[in-house]
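Undergrad: 3D model of this:
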Amino acid sequence: PDGRRFANDSRGFLYLIDSKNQPLVYADVGAAFPLGVYNRLESGFIGFAFHPEFATNGLFYTVHSEFGPGNPKTPDFIPIGYGLKDVTYHNIITEWHATNPAANTFQGTRREILRTAHVVANLTHPMGAVEFNPTAKPGDPDYGLLYTSGSDYGFSNGGGPNASNPAQTQRLDSIVTAILRIDPRSPSTTHGEKGLGDYTIPMANKFAADGDPKTLGEIYAYGFRNAHRLSWDTDGTMFASDIGMDNIEEINIVRNGENYGWMRREGYFENGRVRGGALNQLFPLPPEILDGRVKDGFTYPVVVYDHDEGRSVTDGFPYHGRIAALQGKFVFGDIYAGRVFVADLAAMKKADDGIPRTVAPVEEVQLYVRDATGKRVDVSFRDLVEKTLGKSVPRADLHISRTRDGELYLTSRQDGMIRMLVPDSGSVTTSAKR
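TA: Residues are numbered from 1 along each chain as shown. Presented below is the predicted three-dimensional model:
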């Protein structure tokens, strides 16, 4: 929020990127949490978000994961029906308070606001994001509220005897599959309703306003398998990239209080577990549900692609930057394949019509660079990664992030590079720039 650039390294570093594009360690998050997990695809220091008033209040938030066995901390939430003896991993959201927000290295205090537990064998689908709605202004009901990603906590494919458990989904007394929206301030400060952790439940959440004692008020929306990244358009429309199981990848428009289907739905299909089958099976919806004549209580995605195009949807953002060809598009991609896709924002919003079969078309973006002579050379994102490494890679590990002024970064843990999409000036510059 103060104009500086930061990047998280999953090994535990929060970097400040200086004016010469050099990384300086702002905070050693890993050193603060010695029980952190670093050997999984989504692990270690996973995500961070600065409070919109960071420049004056010095607050920012991180999410990381730790080993469960031998951990001295007790989780605020353990999946229903399990106990401390079953806990394999912890997910933790921490509030950091910088004494001097303008300093280039962190000094200050921290406060744990939520600690949740996995009970599956592998650290699969931890909380992957903490986010503030960047379109919310002071005085708006959404201003200063913190969102988390939505996760099934590995109950689909986390391994071990507790995985593939549909009974842990589609319930409102549990945060499994839920995107949470919380006021990160302690109830001791706000005098509001306490949540599972040391934060306040916003009464703007539909499930909090309903007042059902069997429903967790911090739930904003639920029914996601791994809605690992969230974003907003300038009109306040909220999007979630939800990684599917074996067949369908999704982009959803997210609204307060709605149910997005997992583990009963995947894309606009019925999951096989509903019929006593396997998680990798899909069955067509009845025609009257598919065409919207009969409502089944679920909200369906506005963009889908299947696994002959990729394997796991990555971050997505509405684009309103300097590249003319991407104006008015929602830019996303596939983590594994490294392909970059777009869908038209207007078409996505039009597809949000309550009819499951209505989805927006998907196009692929052709990346290119210019060589030393200025000649255009078409490349894939994986080409760029492999060129840097000097070898082939089994997966691209594509992630996309956005600058404050709306431009896009493409990153990969494979080569540790941050590249930026830039307009083509026709000169000797790259359109996928380090």
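Undergrad: any idea which helix is longest in the protein?
TA: Secondary structure of the chain read by DSSP state H shows that its longest helix is helix 381-389.
Undergrad: how about it: buried residues?
TA: By neighbour count on 16 or more other Cβ atoms under 10 Å, the buried set for helix 381-389 is 381, 382, 383, 384, 385, 386, 388. In short, each C-beta sits where N, CA and C put it, glycine included.
Undergrad: Would it be right to say that residue 220 lies in a helix?
TA: No. Assigned with DSSP: H, G, I helix; E, B strand; the rest coil, residue 220 falls outside any helix and is strand.
Undergrad: could you list every residue that touches residue 345?
TA: 233, 318, 328, 329, 330 (Cβ atoms under 8 Å, 6 or more residues apart in numbering).
Undergrad: I meant residue 162, not that one.
TA: 82, 86, 119, 120, 121, 155.
Undergrad: Burial check on residue 37, number of neighbours?
TA: Around residue 37 sit 21 other residues, with neighbours defined as other Cβ atoms under 10 Å.
Undergrad: any idea how far the closest residue to residue 243 other than its chain neighbours is from residue 258?
TA: Nearest non-adjacent residue to residue 243, counting by Cβ to Cβ, 6 or more residues apart in numbering: residue 226, 4.2 Å away. Counting by Cβ to Cβ, to the nearest Å, the gap from residue 226 to residue 258 is 17 Å.
Undergrad: Comparing the two, which shows the higher neighbour count?
TA: Remark: of residue 226 and residue 258, residue 226 carries more neighbours, 28 against 17, as counted by other Cβ under 10 Å.
Undergrad: can you tell me how far residue 163 sits from residue 335?
TA: For residue 163, the distance to residue 335 - Cβ to Cβ - is 21 Å.
Undergrad: So for the two, which sits in the more crowded spot?
TA: Legend: neighbour count by other Cβ under 10 Å for residue 163 and residue 335, higher for residue 335 (25 against 20).
Undergrad: Now do the same for the more buried one: its pLDDT.
TA: With respect to pLDDT, residue 335 has a value of 96.
Undergrad: Enumerate every residue touching it.
TA: Contacts of residue 335 (Cβ under 8 Å, 6+ apart): 243, 310, 311, 312, 313, 314, 395, 396, 397, 398, 399.
Undergrad: what residues are up against the fourth one?
TA: Taking Cβ under 8 Å, 6+ apart as the contact definition, residue 312 lies against 243, 244, 249, 334, 335, 336.
Undergrad: now do 10 Å
TA: By Cβ atoms under 10 Å, 6 or more residues apart in numbering, the residues touching residue 312 are 41, 226, 228, 241, 243-244, 249, 333-337, 395, 397-398.
Undergrad: Can you classify the residue nearest to residue 235 when sequence neighbours are not counted as helix, strand or coil?
TA: Counting by Cβ to Cβ, 6+ apart, residue 235 lies nearest to residue 135, which is 7.5 Å off, once chain neighbours are set aside. What three-state DSSP gives for residue 135 is coil.
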